[in-house]
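>>> missing the sequence, but the structure's below:
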């Protein structure tokens, strides 16, 4: 990119964002990225591209902690439900829409 010009070409933007030029053309055609046409040529203002790219940044968030899951490793109701569902799926026969459950026996 020429530092004297405030405008970037499609190739400059593609290199800056680490995407293919085809992607930049598609985004510009869909109005997803700020662009201007100068005598039929697509150009991008460097400051606008930087601001646009920064608008997608999200602060890192810690993984959520779910209540009811003790650190001591004891099993919760959710763990038992998931295990039961896995067993039912593993016991099902090919072609059946639902897992096989014997009458009168549940889990």
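Nice, thanks for sending it over. Keep in mind that what you see is a predicted model, and the values were worked out from it rather than measured.
>>> how much space is there between residue 50 and residue 87?
Applying C-beta to C-beta, to the nearest Å, the value for residue 50 to residue 87 is 53 Å. Where C-beta positions appear, they are placed from N, C-alpha and C, glycine not excepted.
>>> Please read the previous query as pertaining to residue 6.
64 Å.
>>> try residue 65
Following C-beta to C-beta, the distance that separates residue 65 from residue 87 is 28 Å.
>>> and these two? which has more neighbours close in?
The residue with more neighbours, out of residue 65 and residue 87, is residue 87; 12 against 6, by other C-beta atoms under 10 Å.
>>> Which strand or helix spans that one?
helix 77-91 (DSSP states H and E).
>>> Likewise for residue 47?
Going by DSSP H and E, residue 47 is in helix 46-54.
>>> same check, this time on residue 37
strand 36-38.
>>> sorry, back to before: next one: the helix holding residue 87 to chain centre, how far?
Its chain's C-alpha centre lies 28 Å from the corresponding centre of helix 77-91 when counted by C-alpha atoms, centre = their mean, to the nearest Å.
>>> Report the buried residues of the strand holding residue 37.
Neighbour counts over strand 36-38 (16 or more other C-beta atoms under 10 Å) mark no residue as buried.
>>> Packing partners of it?
strand 41-45 (3 or more C-beta pairs under 8 Å, 6 or more residues apart in numbering; DSSP states H and E).
>>> what about the strand it packs on, distance to the chain center?
Worked out by C-alpha atoms, centre = their mean, strand 41-45 lies 28 Å from the chain centre.
>>> Sheet-wise, list the partners of it with their directions.
Within its sheet, and counting by DSSP bridges, strand 41-45 is paired with strand 7-8 (antiparallel), strand 36-38 (antiparallel).
>>> same question for the first one, mean pLDDT?
Which is strand 7-8. Strand 7-8 shows a mean pLDDT of 95.
>>> I would like the residues contacting it, please.
Residues from elsewhere that reach strand 7-8, judged by C-beta atoms under 8 Å, 6 or more residues apart in numbering: 1, 16, 36, 38, 43, 44, 45, 46, 49.
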